[in-house]
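S.K.: sequence-free structure coming up:
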């Protein structure tokens, strides 16, 4: 099923025409309504008249997270506050939070995009959607909520946490679609297993999982443990919230809803745009947003864009699963390491539980990497050498993938903190001046 | 002739052994013998208790990683060369020993040692054929 076939399956030539028209409007809007954007464009010698083709987008300056902080709280809004009907904000643990505003029409569009996303996961009016994303300033909960209502599904707005209750309601209300972070889904799966509730007491069919990068191996794990189809969804508050892109049932990349967003991939160092098929940092320009449009926003997420037609019939470009974030990336002895790389090794070996954390420290002048991973009941042996063999196997695989020596440390089950939202995968103890 | 031993994965951090022994105490389980094998990061605690099944369940419920392993308890003549004689028998049968540890209880002329060996059934047979006493599980739990 496709929620909005005319838009999602539009011929690419028509789509590009639509994009250009909408891009022009957006650039005009920010130029006239947002001094910060106007000044940046003037400094680059540009006016809205310069947007004559989609390629001209590349002439516009980038927007980065710091720009959003610098104009806290409402400095980048392109609509008067009387037209803004909703605010969302990031947690702001590292300074001012990022604040985003939505007009009535923005919220309608957002609901539409989440309806498309949920339809990708098979949702319809008969579905019961349990929204385990946090409600509140975080965009996850309300984003999924409005999309599910738009589809006509029954929404269970339980928010994150309270795992026992999640499972009780899942059972009693006959939840068919679960929306939460993949790490929380894994925790739910574990708790379900322990509770001994037989699978046939659940009607769960699919999950839409996002808000943090996760691997193919994690998908297999979740699909196996929960016996569902696991769909990766993508979004970020700065651009919209969830509903920027979603996997279709083909699960071969996430379709970016290009009638609302123009994606680019750039080299994060040179900032040069890269062609389709090359890996780099994702950059988005919103082309329908009124309250908080962004121009060439650098997401820090690493992905690849594919434009080849998809078997599902949608024509929108597909982004590969996010393989990491340029700011999740840790540099250890000069080697770039992403937690997702470690995850794929651990899950493909299957010798341990899929819970892990990277602990980075500095001894003298040398960085050290330890990977803590939980021992699994079924692999536990009372012979030291079998356990050490597990450590060595993981160590060897990590070394060959990362090109870096990592010390593997087996820890007790449940000793790594479980997250009800985004998982914390890195503990960096280095004191860098 | 086999004895059920409880093995527990323990991280090397303070308080774990205390939690474990408290868990057993609460279930009124008595420890007959124990041994710890450790590396820098973790240890494996091996326990012989009076109620192995109850101990297994209680520890599992408390979140420990537990497994049950079959071992043998051998009565060894309590004089110089007693253990050596047993080793000769096992070596003669080409049976490898994974580990062993002593039980604190003993009779006036016999020491009790727990063996974890490869080919458990062969080991029992060869020891008995040499007139060496292998204790029944119940004998060890009830010591």
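M.R.: Thanks, I have the structure now. What you see is a predicted model; the values in this text were computed from it and never measured.
S.K.: Could you report the neighbour count for residue A:73?
M.R.: 15 (other Cβ atoms under 10 Å in any protein chain shown). C-beta: built from backbone N, CA, C; applies to glycine.
S.K.: Could I get the pLDDT score of the closest residue to it other than its chain neighbours?
M.R.: Nearest-residue entry for residue A:73: residue A:99, 4.4 Å, with adjacent residues in sequence omitted and distances by Cβ to Cβ, 6 or more residues apart in numbering or on different chains. Looking at residue A:99, its pLDDT stands at 96.
S.K.: Report the secondary structure element holding the residue in the stretch 151-300 of chain A positioned nearest to chain B.
M.R.: Nearest to chain B in the stretch 151-300 of chain A, going by Cβ to the nearest Cβ, is residue A:194, at a distance of 10.1 Å. Secondary-structure assignment from DSSP states H and E places residue A:194 in helix A:182-195.
S.K.: so after that helix, what's the next helix or strand?
M.R.: From helix A:182-195 onward toward the C-terminus, using DSSP H and E, the following helix or strand is strand A:206-209.
S.K.: I'd like the next helix or strand past that following strand.
M.R.: Helices and strands here follow DSSP H and E; after strand A:206-209, the next one along the chain is helix A:216-226.
S.K.: Show me what the following helix or strand past that following helix is packed up against.
M.R.: Beyond helix A:216-226 in the direction of the C-terminus, DSSP H and E gives the next helix or strand as strand A:229-236. In terms of contacts (3 or more Cβ pairs under 8 Å, 6 or more residues apart in numbering or on different chains; DSSP states H and E), strand A:229-236 is packed against helix A:104-120, strand A:206-209, helix A:216-226, strand A:241-247, strand A:254-256, strand A:297-306.
S.K.: Which secondary structure elements does the fifth one sit against?
M.R.: Right, the one you point to is strand A:254-256. For strand A:254-256, the helices and strands in contact under the criterion 3+ Cβ pairs under 8 Å, 6+ apart are strand A:229-236, strand A:241-247, strand A:318-319.
S.K.: ok, 7 Å please
M.R.: With contacts defined as 3 or more Cβ pairs under 7 Å, 6 or more residues apart in numbering or on different chains; DSSP states H and E, the secondary structure elements packing on strand A:254-256 are strand A:241-247, strand A:318-319.
S.K.: Return the most buried member of those strands.
M.R.: A comparison of the helices and strands packed on strand A:254-256 by mean neighbour count, using mean count of other Cβ atoms under 10 Å in any protein chain shown, puts strand A:241-247 on top with a mean of 28.
S.K.: model confidence over that strand, on average?
M.R.: Rounded to a whole number, the mean pLDDT of strand A:241-247 is 97.
S.K.: which residues touch that strand?
M.R.: A:88, A:110, A:113-114, A:116-117, A:120, A:139-140, A:143-144, A:147, A:210, A:231-236, A:254-257, A:261, A:319 (Cβ atoms under 7 Å, 6 or more residues apart in numbering or on different chains).
S.K.: Likewise for stretch A:352-360?
M.R.: Contact with stretch A:352-360 is made by A:186, A:218, A:221, A:330, A:332, A:339, A:342-343, A:346-347, A:367, A:369-376, A:379, A:390, A:413, A:416, A:425-430, as judged by Cβ under 7 Å, 6+ apart.
S.K.: Any idea which helix or strand in chain B has the lowest mean pLDDT?
M.R.: Lowest by mean pLDDT, DSSP states H and E among the helices and strands of chain B is strand B:97-107, with a mean of 85.
S.K.: tell me the angle the next helix or strand after that one makes with strand B:97-107.
M.R.: Proceeding C-terminally, strand B:97-107 gives way to strand B:110-117 as the next helix or strand, assigned by DSSP H and E. Following axes from the mean of the first three to the mean of the last three Cα atoms, to 10 degrees, one obtains 160 degrees for the angle between strand B:110-117 and strand B:97-107.
S.K.: in its sheet, what does strand B:110-117 sit against?
M.R.: Pairing partners of strand B:110-117, with direction, according to DSSP bridges: strand B:65-77 (antiparallel), strand B:97-107 (antiparallel).
S.K.: winner for burial among those?
M.R.: strand B:65-77 (a mean of 20).
S.K.: show me what contacts the residue in the stretch 1-150 of chain A that chain B sits nearest to?
M.R.: Here the stretch 1-150 of chain A gets closest to chain B at one residue, residue A:132, 23.7 Å apart by Cβ to the nearest Cβ. Contacts for residue A:132 were tallied using Cβ under 7 Å, 6+ apart; they are A:158, A:160, A:166, A:178, A:179, A:180, A:184.
S.K.: which of these tops the neighbour count?
M.R.: Among the contacts of residue A:132, the one with the most neighbours (other Cβ under 10 Å) is residue A:179, at 34 neighbours.
S.K.: Could you report the neighbour count for residue A:430?
M.R.: Other residues within reach of residue A:430, judged by other Cβ under 10 Å, total 12.
S.K.: roughly how far apart are it and chain B?
M.R.: As judged by Cβ to the nearest Cβ, to the nearest Å, residue A:430 and chain B stand 21 Å apart.
S.K.: what's the answer for residue A:389, then?
M.R.: Using Cβ to the nearest Cβ, we find residue A:389 at a distance of 12 Å from chain B.
S.K.: Just to be sure, that residue is in a helix?
M.R.: Yes - for residue A:389, which was evaluated using DSSP: H, G, I helix; E, B strand; the rest coil, the result is membership in a helix.
S.K.: now the farthest one out in chain A, which residue is it?
M.R.: Of all residues in chain A, the one whose C-alpha sits farthest from the chain's mean C-alpha position, using Cα atoms, centre = their mean, is residue A:383 at 41.0 Å.
S.K.: Domain ranges for chain B, per the record?
M.R.: For chain B, whose domains are defined here by automatic domain parsing, the residue ranges read B:3-70, B:71-141.
S.K.: Nearest to chain B: which residue in chain A?
M.R.: With Cβ to the nearest Cβ, the shortest gap between chain A and chain B falls at residue A:382, namely 3.3 Å.
S.K.: what's the nearest residue to that residue if we skip its chain neighbours?
M.R.: In space, residue A:382 comes closest to residue B:7 once its chain neighbours are excluded; the distance is 3.3 Å by Cβ to Cβ, 6+ apart.
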